[in-house]
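> Build me a model:
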Amino acid sequence: MDPFTTFEGASQYGVDQDDTTSMYSATPSNLTEQIIVPQRTTGLERGIDEISLTSRPVNNFGEEYDRDDEPPLGHGVEHACSPQSVVKWFCNSRGNTSASHIVSHLVKAKHKEVVLHKDSPLGDTILECYNCTNKNVFMLGFIAAKNEAVVVILCRHPCASTTTSRDINWDPSEWSAIIHDRSFLSWLVKVPSEAEQLRARQISMAQIAKLEEMWRDNPNAKLEDAEAQDAYQYQNILGPLVKIEADYDKRMKESQGESDISVRWDMGLNQKRTAWFTMPKLESGEVRLAVGDELRLKLVGASMKGWANMGNSSDNLWEGVGSVIKVPDNVDDWIVLEMRRSDNVPTDCREGFAVDFVWKATSFDRMQQAMKTFAIDEKSVSGYILLGHEVDPQVLRTQMPKRFTAPGLPELNHSQMAAVKAVLQKPLSLIQGPPGTGKTVTSASIVYHLSKMNPGQVLVCAPSNVAVDHLAEKIHMTGLKVVRLTAKSREAVDSPVSYLTLHEQVAKNDTRRELQKLIQLRNELGELSQSDERKYKSLVRACEKDILNAADVICTTCVGAGDPRLAKFKFRTVLVDEATQAAEPEAMIPLVMGCKQAVLVGDHQQLGPVIMNKKAARAGLSQSLFERLVILGNRPIRLQVQYRMHPCLSEFPSNMFYEGTLQNGVTAPERLRKNVDFPWPVADTPMMFHQNTGTEEISSSGTSFVNRTEAANVEKMVTKFFKSGVLPSQIGVITPYEGQRSFIVSYMQLHGALKKDLYKEVEVASVDAFQGREKDYIILSCVRSNEHQGIGFLNDPRRLNVALTRAKYGVVILGNPKVLSKPSMMQFSKPRKTLSRAMESFRRFEPPANDYAEKNARGGPAPSRFDPAYYRTHDAISYVPADAQSVVSQALTQSFPLAAHPYPGAGPSGRKSTYTGYASSVISQQPADGAPDPLGTGHALAPMSSRASSIAYSQFDRLPPGPALDKKPAGLGQRRLSIGSITPSDAVSSYGYKAGDDDTQSIAPSQAGVTEF
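Numbering: from 1, shown residues only. Below is the predicted model:
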């Protein structure tokens, strides 16, 4: 039998159904089904053993499920048609999805009625309530008879909730839903066997969503309709999206001009004029500017007498175009524009200038050209690599090297070595590199072996210049001849690999003496005569060609691969680093240059491409080629050993994003700096959540946000790091909003307790700017703090992953736990195997209890904040004092109020509440009378809501119930309890996974000053 026809579930649109009652015969042991209903007068066209769904909408049910967007594998969909309707069949298995495929369709199609197929064990039957004939399957359940071997179908309300049913032989309290855990009960709708599922066609969640969307317009649409049949159709799909993005980008750039600019003129070392000025819109975040951008500077005011009479008859007295060679930073706000031409520059003018962006279509034109080349040139790239056609995997015949580690590079670990070995034998390889796993070293090793094994140059690309520079440097260390090709507009920009750039190698080439003379003359005079300029350009082109031909590896950006200087080159092997950050048409540019062996390196669990036009992004332009190939079933090779983070910092991302597969290549002692005296809540666990409840504000641009309270506390944290012995260059401040970034920079320099120059050296940037980079210590300012607006950018799990994985030695998070715990991202589900313990570790604070024990021994009174009455008006949260040596929890009380309630919210019986932990290392910033201000933040302990009165006051909420609390040596004689001893044995599994699926009760909303997970 066809495996598609064994599934139980179908969708029917617009078929009239007769009223039918449903009752099933059952035994207590196995629920043997027997239908006891009237015969149907109409039915379905003969098909397969499935369920039919009538087209009636169901409201709101799918809201929670639609947020569950994992891309797991499922099973195929079979289609069968009758004269009256279109019937689609679905299985009741879930594959790797959180819901069965039939329930997934019910939710996404907003259907709620089903009918069993005539060949099913229960016959051609409508599922409906026995009393009121309600057919909404999401309200239906069953009750077993008290004295008979039958079950009855009843709706949840009102029939099952009242006792006025037709037969008092049923106990309404025993009612149970027919859909459990987002799947029909197996005795009602059979689940395919494992063998049948293995034989079935695999389909991804993205393909399911696409099919559902197509069915709204065409009920007969098939999965094949969602796939590109050939390169022409591929171009027809992506080409218009690139055009939409280009038009939007042009409108945005052309609207970002600014007038009333004051300019200071200078002369560069290369004898070119430079203009120095500031742009207020840039400071407010309204304008984005990068090194290499081109600006048009115009003189629009008659600020210089006689200038209008010097041959300028247009509205603009003068205008010139230049490239940006410096953008504002923490040191100053100057923008430096190097003018393309230095003649006739109004250097005597200071006022009356205007600045416009010069929009260049180069990148978009090259994307369109790449897709056109793919469509018309069969030799550009192997089509089966990109179109998703089902073909047998190919293995390249090659002589494998005896040693996979490249010279000059660190020794490869087992996962890196496996990746290199696999790549050399396959025409298409995907390498997933989680944070800190050595993607660059692995990529450089792959390039080394590809260069040695294959003739011709290897083309190495990445979407950003920073990534290309970093990879070019590593490849150069192997001894290969590397050429870094940059755009003409970026040749004046400083680069860490300037000695590898093509223009620098041309300038230092000693084989062409005439060229050297012209270069020297050009540097002295700033420009050449027309005849000398023509000769200069001709000699440069010839020299560039010679250098490129002699190279082993050519490194450039993805867009740079379309440079005319590479037009006649064919690259058999292409490696694209950070491939998940490139839009698919952008990644196509290097691949259509004759590629026969492609290697894509990236991580689809980190940030994807930046697409400005939301319409184009929703239509698919925001999906990278790497991610699409993964969805199509290409399994990436994952690097598994991380060398960046302290082991405690890697635990959460490993289990949240990488199924717990990340291994630590560094030990905890290697990531603990004894000379840094920072007051971590747990001395050997360098991470902390600092609670901030200051409200967010809209920035001056109107499109970004500012949180002044968090900015003030960022300054306090940075100052504390300085005093602890950390250098400014070792600290990174990450915030997702440009308004907050600008405010933090200015606030630290104005209000910093130490020298202003120290704060200037601290890098404050967005999550996007920090991707692919690392710092010793990271401070994350979450910004959002509101009642109804959500958390914005932080709702993207990939953004959270990047932010939390930049640090090597420690992380401090500042945010409002009540707001941050609301979104579904923080309410982790079982299929993602997310740890409650991992998030709890961000909040764990073990007090030096012996400090307080000594005070009790002396008989002195406890501080007022330790009084049990204190907790009726204040939050029971810990804090970081100004003195790093006196980290004392405020939670220890003289009378041990937890003795009667061993867990938060537990009753006298000791029954564990739904909370598995709370923010015991959260630092409150709300003021309280008489409460200490240990960090000097200007705030102290927060008032506690009445709901929190029963919450535990210290780490003892994780102590096992019993007499242990009464034993002073065991509880107070130790400075720090072990992790294993303080975690309730039944709270989490050995890996800390939650026991239930989507247990929202155990992830309760945050109370004031307390965060529950």
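> hang on, isn't T735 packed against F743?
No. Contact criterion CB atoms under 8 Å: T735 and F743 do not qualify, at 9.0 Å. Yep, even glycine has a C-beta here, placed from its N, CA and C like the rest.
> Surely S464 touches Q581?
Yes. S464 lies in contact with Q581 (CB under 8 Å); the separation is 7.0 Å.
> where's R565 relative to K379, distance?
21 Å (CB to CB, to the nearest Å).
> who's more crowded, those two?
R565 (16 against 10; other CB atoms under 10 Å).
> got a list of what that one touches?
By CB atoms under 8 Å, 6 or more residues apart in numbering, the contact set of R565 is 485, 502, 541, 544-545, 548.
> how about a cut-off of 7 Å?
R565 sits next to E544 when contact means CB atoms under 7 Å, 6 or more residues apart in numbering.
> cool, and A561?
Counting by CB under 7 Å, 6+ apart, A561 touches 459, 461, 589-590, 593.
> Could you dump the residues you listed into TSV with distance to L269, neighbour count and secondary structure added?
As requested, the contacts of A561 are exported to TSV (distance: CB to CB, whole Å; neighbours: other CB atoms under 10 Å; DSSP: H, G, I helix; E, B strand; the rest coil):
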residue	distance to L269	neighbour count	secondary structure
L459	33	26	strand
C461	31	29	strand
I589	34	26	helix
P590	34	29	helix
M593	36	20	coil
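> from those, which single one is nearest C782?
If you rank those by distance to C782 using CB to CB, C461 comes first, at 34.0 Å.
> Show me what the closest one bridges to in the sheet.
In this entry, C461 is beta-bridged to T556, V576, by DSSP bridges.
> heads up, I number from 664, so please use that
Yes, from this point I'll number from 664; that puts the last item at C1124.
> hang on, it packs against I1217?
No. Assessed by CB atoms under 7 Å, C1124 is found out of contact with I1217, at 9.1 Å.
> Tell me the one of the contacts of A1224 nearest A1082?
When the contacts of A1224 are compared against A1082 (criterion: CB to CB), the nearest one is C1124, at 18.5 Å.
> And the pLDDT at that closest one?
pLDDT for C1124: 96.
> Check F1289 too.
Looking at F1289, its pLDDT is 93.
> Likewise for V1425?
94.
> I figured I1397 hits V1430, correct?
Yes. Applying CB under 7 Å as the test, I1397 and V1430 come out as touching, 5.8 Å apart.
> distance of Q1032 from Y1422?
46 Å.
> Which one's more surrounded, these two?
Legend: neighbour count by other CB under 10 Å for Q1032 and Y1422, higher for Y1422 (26 against 15).
> Only the buried residues of stretch 1068-1082, if you could.
Buried residues in stretch 1068-1082, counting neighbours by 16 or more other CB atoms under 10 Å, are found at 1068-1069, 1072, 1075-1076, 1078-1082.
> And stretch 1230-1238, by the same measure?
1232, 1234-1238.
> Show me what that stretch is in contact with.
Applying CB under 7 Å, 6+ apart, the contact partners of stretch 1230-1238 are 1106, 1109-1110, 1113, 1117, 1119-1123, 1253-1254, 1256-1262, 1264.
> Just the buried ones out of those residues, please.
1106, 1109-1110, 1113, 1117, 1120-1123, 1253-1254, 1256-1262, 1264.
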